[in-house]
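Novice: please find the sequence and the predicted model below.
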Amino acid sequence: MNTRGIVDLIDRIRDRANTIIVGELKSRGITDILPAHGRALAALYEAEGPIPIKEVTESTGRVKSTMTVMIRTLEKNGYVTRTPCSDDGRSVLVSLTEKGRRLFPAFQEISNLLIDAVYGDMSGGERELLVGLLVRMDENLASYLPHADG
């Protein structure tokens, strides 16, 4: 087996997963959400209330500028609202709108369908091994990135 094409393989897996997500969203009449919005929405569903954009950024692993654009898009499409934080004028809180909360059942269905498709008939042990190896790969790559404090 050729092991040098790992990054291309991961990219192909991500493209296929995104194709499934887009198709499932479209079949439910949802055309203003992108697969990349999923992690931000998941953070908001877990929070169950307004949270700082910084917290959404940290929980998703995205950079602040990317998350700011994503939140603005979700706000423009009516899924979230942004409000200034009363405790810290520099901070902005993000919360789900009613439209965003109504999306939750579809979000869960699509997430479950995608997980089932990704793992297929893999055993629990195979799933754990795969995730463990991917975490190591992520850590290996992170060690090559420049650090903000250095």
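Specialist: All right, it came through fine. These numbers come from a predicted model, not from an experiment.
Novice: quick check: closest non-adjacent residue to Leu44.
Specialist: Leu96 (5.1 Å; C-beta to C-beta, 6 or more residues apart in numbering). Every residue, glycine included, has its C-beta placed from N, CA and C.
Novice: tell me the contacts of that neighbour?
Specialist: Contacts for Leu96 were tallied using C-beta atoms under 8 Å, 6 or more residues apart in numbering; they are 41, 44-45, 79-80.
Novice: and if you look at Leu130?
Specialist: Taking C-beta under 8 Å, 6+ apart as the test, what Leu130 contacts is Met122.
Novice: secondary structure element holding the residue sitting nearest the centre point of the chain?
Specialist: Among the residues of the chain, the one closest to the centroid is Arg39, at 2.0 Å (C-alpha atoms, centre = their mean). In this assignment (DSSP states H and E), Arg39 forms part of helix 37-47.
Novice: whichever helix or strand comes after that helix: how far from the chain's middle?
Specialist: Downstream of helix 37-47, the first helix or strand assigned by DSSP H and E is strand 51-52. Offset of strand 51-52 from its chain centre (C-alpha atoms, centre = their mean, to the nearest Å): 16 Å.
Novice: pull out the buried positions in the following helix or strand past strand 51-52.
Specialist: Next along the chain after strand 51-52, taking DSSP H and E as the criterion, comes helix 53-60. Using 16 or more other C-beta atoms under 10 Å as the test for burial, helix 53-60 gives 53, 55-57, 59-60.
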